[in-house]
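**Student:** Here is a sequence with its predicted model. Questions after.
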Amino acid sequence: MKIKKILFSILTALVLIISIFLYMNRDKFVYVGSVDIIEVDCSKKVQILSEVLESDQRIRRSNDFIKFAKEDHRNQELVISIVEKCGMPTLKEVGQKQMDAIWLGLQHSTKEIRKKYFPQIEKAVESGDLSKQQYALMKDRILMDEGKPQTYGSQIEKGKLYKLDNPETVNERRKEMGMGPIEDYLKNFNIQFNPN
């Protein structure tokens, strides 16, 4: 009888530990399939990208992680399909909100997709179609994906500033990209900046 109670206690503890682990990592376990190029009507890219932007912002305010993953997946497919089938849009063809949708779709995608399309983001920044700040955020995310120190201090991991290259000069780099001081940015996350 005593052994049954011990086994039951161990089993209960394991179930609890596994449940907590799955809950804490829930966004990593929602698989919605590969991001594929789908059919898009290039003449409707303004409308499609407007819907992507609205969807991206709506799901970021939601707590429905399965819906979040599915909508993000759909947005990524739409953005990549527009870039592949219609070419990278410019501000002459679409508005700033639609350009922001392109950036968000790529920024919220997989590390492989971010890296693949980053040269097009760079060109869009050089031509003024996207901001230097958007460049900095994606560059830092790509560096983080690769396990390298970030440049601009935009990425937070597990409640802490992700490792930073040359922290003593980060504010100079941030200023060049139109970003405020890192100390102000980190206040949003209740993180105190320590350059050491």
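**Tutor:** That came through, no problem. Treat the numbers as computed from the prediction; the structure is a model and nothing was measured. Residues are numbered from 1 along each chain as shown.
**Student:** Now do the same for the residue lying closest to residue 62 once chain neighbours are set aside: its pLDDT.
**Tutor:** Leaving aside its chain neighbours, residue 62 sits nearest to residue 68 (6.0 Å; criterion: Cβ to Cβ, 6 or more residues apart in numbering). Bear in mind the C-beta positions are built from the backbone N, C-alpha and C, glycine included. Looking at residue 68, its pLDDT reads 78.
**Student:** burial count for residue 68?
**Tutor:** 16 (other Cβ atoms under 10 Å).
**Student:** Could you report the distance from it to residue 2?
**Tutor:** Distance of residue 68 to residue 2, given as Cβ to Cβ, to the nearest Å: 46 Å.
**Student:** Now name the helix or strand holding the residue nearest to residue 62.
**Tutor:** helix 65-86 (DSSP states H and E).
**Student:** tell me which residues in that helix are buried?
**Tutor:** 68-69, 71-83, 86 (16 or more other Cβ atoms under 10 Å).
**Student:** hang on, residue 89 packs against residue 103?
**Tutor:** No. The criterion here is Cβ atoms under 8 Å, and residue 89 misses it with residue 103 at 10.8 Å.
**Student:** Ramachandran angles for residue 160?
**Tutor:** Backbone torsions of residue 160, given as degrees, to the nearest 10, read phi -130, psi 150.
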